[in-house]
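Chemist: Predicted model, plus sequence, below.
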Amino acid sequence: MTKMLNPDDNIIYIGNVSIECTEDDLYKLFSRFGQIKQIKIFYQIYQNFKYSIGYAFIQFFSKESFQLCIENRLFLSFNKNLLHVHEIKPITKFDYCIFVFFSEYKTTREKIMDFFSNIRPVDVTIRSGVTYDHLGFAIVEFPAQDIREMAVSLAEDSPFQVVLPSVSLVELWASDFNENNISFKPLPLEIYNDDIYHKFMDLEVVHCSTPYRVNSYLASAYSSRIKQLLLSNTLLNRVETILNIDGPFELIQNVLLGQTIEIIPENAMFIFFMAADLGMESLLNDASGHIYSRMTPELAMSIFRDLETIEIPDGPHIRFMAENIDKMRSMKEFLQAPTQLISSVLYHKKLKTHSPEAFCEWLIGFVNQNREDRNRLLQHILVQSLPRTIAINMVMDTSLNINLIRNPLLEFLKRGVEAEKEDDFEVIRCHYEKGNENQGIFATLCKRCNGNPQDFGLVEITCNSNVSNIIEPQENEYWATPDMPNSWVMFDFKNYEIIPTSYTLKSFVADVKLPYMISWRLDGSRDGSKWITLDERRNTTSTADGNKQWRTWKIEKRIRCRFIKLTQIDKNGSGNFCMFLHGIEFFGSLPNQSEDIKYEPGREWSGIFAFITRCEQGNPVEKKKIAITTSCDPKYLMEEKWKGCWRSPKQEFSWVKIDMKAMRIDLRSYSLRWHSGPGYIQSWAVEVSNDDKKWETVDVRRFRREYNEPRKSVTWECSNPFADPVRYIKFTMIDKSQQSEHIFWLSNIELFGDLLRPQ
């Protein structure tokens, strides 16, 4: 079945999908947000085998389900891999990639990199290794499409088989989708031969007066109820279902015979009821996804009524009612339900209320209406959420048996803050071990993200950067990178897309003789992925015009750009790779604003940045209307394999600050890695905070000499660790470097302790 989808049809796109993840796995994970219409994992088919390329899409039936998924996307994971959930189609890099298939078991990422080393591969990702029935699969990325074509020729007569990604994979076309069916396969059990198998075909399961012959050995393994009945009566040869609900019982018979069945929306409800009836836990769990995805308060109560004769303390209906307790407690039918049902809902670990205080007040009032029957519900009261006066009055109420709230009261007093830590967060232990220094918190997050955590909104690293000053010509400061080849600065104009016609560069300051750029390239892009060269200069004599400190250059190509990147493509005038930039300005048109800003001699700084600054009444970078990123962005400090380094401006008390966003860290130790340039750090302080206002110092080091070797990494214990998990960590240089400068150089930060991730 082939169908093209409307991009507005409640579709999410998923990246970082592991090779072993299936459509069934994604269905089970995402059905919590609502009913799913269809799912597709994108595959490259080669020699009749499907290889996942790491992307998928899911379409929901409703906008509400789509929105709920987007709101809760940050920590969705499969097999410890954090999934990248996009509300709009992501731009892939597959048009710069080749797919490589190999048959040698010992093939490694380094071996593939080495084979293509002469044409400069950007990255190699091995998606799967070689197995007995299929080849290994890797994705190799190159800096340009023409180089990718060279890679195809190079791979001829080599141990590698190369395929170019199809357009449908490059563009992630949502076609040839799979309906949201789940294949359920019972756990395989070994039966030695056919004679033994037929020997155990001695049990009938009767449903709606119709007998179905099953294998008693397999049935007792898959059904807890049948197992219990057979253990209590070894001569039993007939079991009747409790629920008389019409449906295709042949599917249940097939499972009890060890066969695979398809769970689809049309049969999911029946399968769920029969799995609950017979105690088939695995089948119950797989069918629950379909049920939960279309759950409503009315349906939840209907399922409860149908299951009233069966003891089932949990299920999609119980979970739904727990997650929507605020709705349920205003529903008359729920309030009239047996206390046992209400207790199972309140006890559920997914219980969620928008106002714990209001929930507690409702529960007290509800119990008081019928204390004899409902007193036991008080064990579910959220004592810590009660106003002090209400909590005291409840405890002092002589008509209340205090033992009824003994457990929540003791739990609250005993655990305090720890209850919140363990209940609301997954605790990931990332403690420092000598010889295992690359297993810290950032390394763990990078591995689970398969990328930089800041790119996925999990962490944000900021610093006292002056890069925003390069769009303000009146600022008498410069911005510089460390001595790194191919240093760059990129501008994201966001809503202020431009069609540039010329640009002005100022690469040194009058009273500070700094090395100026002599070779650079200016690239433009609409999406930040596919780039077109706008201008390139090599070996220019100066970036200054006459006695002035700047020069304006024309751009011949006319393309609309959201992103513009300036890259220094060779050494500067002093023979090193440091990129010094004092100012930059663009001229051209802004289509969204219907403005055309032409260059006029003598008005080199009255261009597009000046226009946007007037519109926003201040620096547009600081107001987040334009973004500037660089090749030495502090976010790369989280990546252990980063070959570059971060450099602060020449300012006292330069700092790097880490915001863990929704996560928290119980920080015990940390490591800092110096780069290979001048002036290693000698004195620094480490502070932590939960509000970015009140800071507590956890470590101070003064006049240390450990960083006297290039790229040396040293791990330090926090001398005064903070008692509670924290959101913010800040590293501040508190004295001059070894070269008596106030420049903070770093190439890596790692943190060790407990990482608390929201569940």
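Modeler: Everything's here; your move.
Chemist: okay, CA-based contacts and neighbour counts for the rest of this
Modeler: Noted.
Chemist: can I assume residue 487 is in contact with residue 570?
Modeler: No - look at residue 487 against residue 570 with C-alpha atoms under 8 Å: they stay out of range, at 9.3 Å.
Chemist: Quickly list what's touching both of the two.
Modeler: residue 577 (C-alpha atoms under 8 Å, 6 or more residues apart in numbering).
Chemist: how about stretch 571-579: buried residues?
Modeler: 571, 572, 573, 577, 578, 579 (16 or more other C-alpha atoms under 10 Å).
Chemist: tell me the SS of the second one?
Modeler: When states are read from DSSP: H, G, I helix; E, B strand; the rest coil, the local structure at residue 572 comes out as coil.
Chemist: which residues does it contact?
Modeler: By C-alpha under 8 Å, 6+ apart, the neighbours of residue 572 are 515, 516, 517, 518, 519, 578, 579.
Chemist: Then the third one?
Modeler: Residues in contact with residue 573 (C-alpha under 8 Å, 6+ apart) are 515, 516, 517, 518.
Chemist: Residue 478 versus that one, what's the distance?
Modeler: For residue 573, the distance to residue 478 (C-alpha to C-alpha, to the nearest Å) stands at 16 Å.
Chemist: can you give me phi and psi for the nearest residue to residue 120 once chain neighbours are set aside?
Modeler: The shortest distance from residue 120 to any non-neighbouring residue, by C-alpha to C-alpha, 6 or more residues apart in numbering, is to residue 142 (6.9 Å). Dihedral pair for residue 142: phi -120, psi 160, per degrees, to the nearest 10.
Chemist: Could you report the neighbour count for residue 142?
Modeler: When neighbours are counted by other C-alpha atoms under 10 Å, residue 142 registers 23.
Chemist: Am I right that it is in contact with residue 96?
Modeler: Yes - at 5.5 Å, residue 142 counts as touching residue 96 under the criterion of C-alpha under 8 Å.
Chemist: what do the two both touch?
Modeler: Counting by C-alpha under 8 Å, 6+ apart, the contacts common to residue 142 and residue 96 are residue 148.
Chemist: Could you list the low-confidence segments of the stretch 401-550 of the chain?
Modeler: Applying pLDDT under 70 to the stretch 401-550 of the chain flags residues 401-424, 437, 474-477, 508-514, 541-549.
Chemist: just the helices in it please.
Modeler: Read by DSSP state H, counting those that start in this stretch, the stretch 401-550 of the chain holds these helices, from start to end of the chain: 406-415, 417-424, 441-449.
Chemist: Likewise for the stretch 251-400 of the chain?
Modeler: Using DSSP H, counting those that start in this stretch, helices in the stretch 251-400 of the chain cover 265-278, 281-293, 297-306, 316-323, 325-328, 332-335, 339-347, 356-368, 371-374, 388-396.
Chemist: Adding mean pLDDT, write those helices out as TSV.
Modeler: Shown next, in TSV, are the helices of the stretch 251-400 of the chain (pLDDT from 0 to 100):
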stretch	mean pLDDT
helix 265-278	92
helix 281-293	83
helix 297-306	90
helix 316-323	88
helix 325-328	90
helix 332-335	92
helix 339-347	88
helix 356-368	83
helix 371-374	84
helix 388-396	62
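Chemist: Of those, which is nearest residue 462?
Modeler: Taking C-alpha to C-alpha, helix 356-368 is the member of these nearest to residue 462, at 35.1 Å.
Chemist: Show me what that closest one is packed against.
Modeler: Packed against helix 356-368, as judged by 3 or more C-alpha pairs under 8 Å, 6 or more residues apart in numbering; DSSP states H and E, are the following elements: helix 371-374.
Chemist: CA-only coordinates of the helix it packs on in PDB, if you can.
Modeler: Output of helix 371-374 as PDB, limited to C-alpha atoms (Å, rounded to 0.1, in the frame of the first residue of the first chain):
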ATOM      1  CA  ARG A 371     -15.900   6.500  56.200                       C
ATOM      2  CA  GLU A 372     -16.800   2.900  56.900                       C
ATOM      3  CA  ASP A 373     -16.200   1.800  53.300                       C
ATOM      4  CA  ARG A 374     -13.700   4.400  52.100                       C
END
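Chemist: Next, the buried residues of that helix.
Modeler: By neighbour count on 16+ other C-alpha under 10 Å, the buried set for helix 371-374 is residue 374.
Chemist: do stretch 606-615 as well
Modeler: For stretch 606-615, by 16+ other C-alpha under 10 Å, it's 606, 607, 608, 609, 610, 612, 613.
Chemist: List of residues touching that stretch?
Modeler: So stretch 606-615 is contacted by 471, 472, 585, 586, 587, 588, 597, 598, 599, 619, 620 (C-alpha under 8 Å, 6+ apart).
Chemist: Out of those residues, which sit inside helices?
Modeler: Within the contacts of stretch 606-615, no residue falls in helices by DSSP state H.
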